[in-house]
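Participant: coordinates only, sequence not included:
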């Protein structure tokens, strides 16, 4: 441990650069992060608070199986088709993709458009299927 501290002190510029890279990575990840809900919480929001599930997967994936009453707007077309959800700007909107990776960016886009209660479902459709929850084909 003493040698490690000696290395850090001797190479303070390198240490500072590593800390700067780490801080930049954390800042980047925080900018992409979005509020996340579990599949159970998503079900609660839909059933009790009149929420809507927004499935941002491609149409062919959506047709293979999706959550009941989900609205399909592919991520690539979300910017131009977000007006379809304007009447739900104050209602809970839960964004779902395959694994929960693209939904964070979709949440940020919707928040920029004025949606107030937007969140992503952690794990996406894969988590929904792993938990053996119902889908529509």
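Facilitator: Nice, I can see it. What you see is a predicted model; the values in this text were computed from it and never measured.

Participant: outline the domain layout of the protein.
Facilitator: The record, using automatic domain parsing to delimit domains, assigns the chain the ranges 2-31, 34-130.

Participant: for residue 107, which non-adjacent residue is closest in space?
Facilitator: residue 34 (3.7 Å; CB to CB, 6 or more residues apart in numbering). (C-beta placed from N, C-alpha, C; glycine too.)

Participant: residues in contact with that neighbour?
Facilitator: Residues in contact with residue 34, defined by CB atoms under 8 Å, 6 or more residues apart in numbering, are 95, 103, 104, 107, 108, 118, 119, 120.

Participant: residues contacting the second one?
Facilitator: I take that to be residue 103. Contacts of residue 103 by CB under 8 Å, 6+ apart are 34, 56, 95, 96, 97, 120, 121, 124.

Participant: can you do 6 Å?
Facilitator: 95, 97, 120 (CB atoms under 6 Å, 6 or more residues apart in numbering).

Participant: burial check on residue 123, number of neighbours?
Facilitator: Per other CB atoms under 10 Å, the neighbour tally for residue 123 reads 18.

Participant: wouldn't it be in contact with residue 100 here?
Facilitator: Yes - contact criterion CB atoms under 6 Å: residue 123 and residue 100 qualify, at 5.2 Å.
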